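Trainee: got a predicted model here, sequence first, then my questions.
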Amino acid sequence: MPHLHSEDQYKMKKNMRLVHPNLPRIEEFKKHLSDIWDSANLSNFGKYESLFRLGVKKYLKLENVVTASSGTVALTIALRALGTGKKILSSPFSFPATIQAAILNGSDVDFADIDPNTGNVSIDSLLKFDISKYDILLFPHVYSIPCNIQRICELTQGTSIFTVYDAAHGFGTQVNNKHLSSFGDISTLSFHATKILNSGEGGAILTSNHNLARKCQAISNFGLDSGDSQDMAVGLNGKMSELHALLGYMNLKIIDRVIQKRRSLYHRYIRNLAEFDLGYILKPNEDSNVKMNGAYMPIYFYDKDSLLLAERRLKDENVETRRYFDYRIDRAYAFFSGRRNPLALPIFENMVGNVLCVPTHSKISSRDVDRVCEVLVKK
């Protein structure tokens, strides 16, 4: 890590936020906002929902994109389209929304353990399950790190099992030059304000299956199929508003610049912390052909005392951090459902609450990254 001479050091007196939403120029936003005001069309698949949806579709090179009011709603709709009461195998190391979407669809959920290097589902753990007993494999790509997509595909090949990826973190990450959200039977995205592409609140369902896409579209609109007003299913109001779509559309125009900046900061953290001895950065396996979006910088600490010390020191420097993930989803689900997980989850139990995320966003500089790293490696 480059040494900063005392005369060149600067203290971070201003608060360094953990995340900072990307925002377009307010003058440009207001111009389009006037367009919405003049049209008086605030929802129901209007002009800006269409522009944003088609823009995401073109950027990700996907066949079908269905927008939604949030990432949680997108995942709930996607699972609903596959049927209620399904048996699901998932991963517990995630934000609660992943499993809440399954619970809302009346599904029974079992959990496989996780890979300590990535935080994603462990293939070794998956192999301990008879996956033929499951209808859906539901796995998050945590911190935008891809799951072992190839092995999961091999495990489900020739079966009727659906693979659903919660790619809430993953916009802009690529695997073998394909966007992360193009894998699986269905992937879902979040456009929450904390995400690398944001619409304030919002989400999307992505699939190459036209029938599934049409079903998701109908479910998001109270179950009404736009192709036949007499054809109605059980649905909800999951539509994206014009105001949220406009923000997403404007942010999509600058996303390449945002990702380029985030990747630069991400790789600087990796270089600076190459000899960090209190833990390690969660990242893709070395042999995987992955191009990360740089949206997160998750650091696993070997022991809680070291994490708490780093957390306190960074707070003293006005740097926001977050233990992410710090949720015992397995226990919450067991309490809610009355079901015990069939296998122990030792790696998950060791990692949950011991991963600290530090700032990486467009409002910080390389110099900021160096300063954060100096605090982390301080003895």
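Mentor: Perfect, thanks for sending it. Residues are numbered from 1 along each chain as shown.
Trainee: going forward, measure contacts between C-alpha atoms and count neighbours the same way
Mentor: Will do.
Trainee: so which residues of the chain form helices?
Mentor: Listed in chain order, the helices of the chain (DSSP state H) span 26-39, 47-60, 71-81, 97-104, 123-126, 149-156, 210-219, 242-252, 255-272, 304-316, 329-337, 346-351, 366-377.
Trainee: can you list those in JSON lines and add distance to Ile114 and mean neighbour count?
Mentor: Formatted as JSON lines, these follow (distance: least, C-alpha to C-alpha, whole Å; neighbours: other C-alpha atoms under 10 Å):
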{"stretch": "helix 26-39", "distance to Ile114": "42", "mean neighbour count": "12"}
{"stretch": "helix 47-60", "distance to Ile114": "28", "mean neighbour count": "19"}
{"stretch": "helix 71-81", "distance to Ile114": "21", "mean neighbour count": "26"}
{"stretch": "helix 97-104", "distance to Ile114": "15", "mean neighbour count": "20"}
{"stretch": "helix 123-126", "distance to Ile114": "7", "mean neighbour count": "16"}
{"stretch": "helix 149-156", "distance to Ile114": "14", "mean neighbour count": "13"}
{"stretch": "helix 210-219", "distance to Ile114": "29", "mean neighbour count": "21"}
{"stretch": "helix 242-252", "distance to Ile114": "32", "mean neighbour count": "24"}
{"stretch": "helix 255-272", "distance to Ile114": "22", "mean neighbour count": "18"}
{"stretch": "helix 304-316", "distance to Ile114": "19", "mean neighbour count": "16"}
{"stretch": "helix 329-337", "distance to Ile114": "13", "mean neighbour count": "16"}
{"stretch": "helix 346-351", "distance to Ile114": "6", "mean neighbour count": "16"}
{"stretch": "helix 366-377", "distance to Ile114": "25", "mean neighbour count": "18"}
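Trainee: could I get those helices in TSV, plus columns for mean pLDDT and distance to His169?
Mentor: Shown next, in TSV, are the helices of the chain (pLDDT from 0 to 100; distance: least, C-alpha to C-alpha, whole Å):
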stretch	mean pLDDT	distance to His169
helix 26-39	94	25
helix 47-60	98	14
helix 71-81	98	10
helix 97-104	95	12
helix 123-126	98	21
helix 149-156	97	16
helix 210-219	96	21
helix 242-252	98	15
helix 255-272	97	13
helix 304-316	97	23
helix 329-337	89	18
helix 346-351	98	19
helix 366-377	96	21
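Trainee: dump the residue contacts of the residue nearest to Gly223 when sequence neighbours are not counted.
Mentor: In this structure, Gly223 finds its nearest non-sequential neighbour in Gly235, 4.0 Å apart by C-alpha to C-alpha, 6 or more residues apart in numbering. The contact partners of Gly235, taken as C-alpha atoms under 8 Å, 6 or more residues apart in numbering, are Ala218, Ile219, Ser220, Asn221, Phe222, Gly223, Leu224.
Trainee: most widely separated two among those?
Mentor: Put simply, by C-alpha to C-alpha the two of the contacts of Gly235 set farthest apart are Ser220 and Leu224, 8.3 Å from each other.
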